[in-house]
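In: Build me a model from this:
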Amino acid sequence: MQKLNKIKVAVSSDESTRKRIIRKITVECGLAINASDADKLIKPTVYEFDISTAYFIVCDLHNFRMSPNMNQQLYQMAARGMAVIVGVKKLPAEFEFISETYYQNYL
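Out: From the prediction side, this is the model:
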């Protein structure tokens, strides 16, 4: 059975907690060696990346309700096995099925 790849979502209303979760996920995915290296990869939003040429996405804040087209592109990247890591203040229930969520207790 094939593993389903989902968007990795760090959920926290606190920005510093969200970034710590994102750093930890980034290191575990092998994109960075340590937290300070991971910090260099984190962009403020997904719109800072050129989606058509990106090998991975790591951003601090994403609003799933803002752009259905962007959500589709992110999910397609994740489904192809690319690392897609985004932070959110709150994850809407309708996007839980495409997300692998990480909360503060993950730290």
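
In: what secondary structure does residue 53 sit in?
Out: What DSSP: H, G, I helix; E, B strand; the rest coil gives for residue 53 is coil.

In: Next one: it from residue 23, what distance?
Out: Remark: distance between residue 53 and residue 23 (Cβ to Cβ, to the nearest Å) = 24 Å. (C-beta placed from N, C-alpha, C; glycine too.)

In: try residue 61
Out: Per Cβ to Cβ, residue 61 is found 15 Å from residue 23.

In: Comparing the two, which residue is more hemmed in?
Out: Ranked by neighbour count (other Cβ atoms under 10 Å), residue 61 and residue 23 place residue 23 first, with 23 against 16.

In: Quick one: the strands in the chain, in order.
Out: 7-11, 56-59, 83-88, 99-102 (DSSP state E).

In: To residue 71, which of these lies closest?
Out: Among these, strand 7-11 comes nearest to residue 71, with 8.4 Å by Cβ to Cβ.

In: Mind listing the strands that closest one pairs with, and their directions?
Out: strand 83-88 (parallel), strand 99-102 (parallel) (DSSP bridges).

In: Average pLDDT for it, rounded please.
Out: With pLDDT averaged residue by residue, strand 7-11 scores 98.

In: Identify all contacting residues around that strand.
Out: With contacts defined as Cβ atoms under 8 Å, 6 or more residues apart in numbering, strand 7-11 is touched by 18, 21-22, 25, 29, 74-75, 78, 83-91, 98-103.

In: swap the cut-off to 6 Å and go again
Out: The list of residues contacting strand 7-11 from outside it, by Cβ atoms under 6 Å, 6 or more residues apart in numbering, reads 18, 21-22, 25, 74, 78, 84-88, 91, 98-103.
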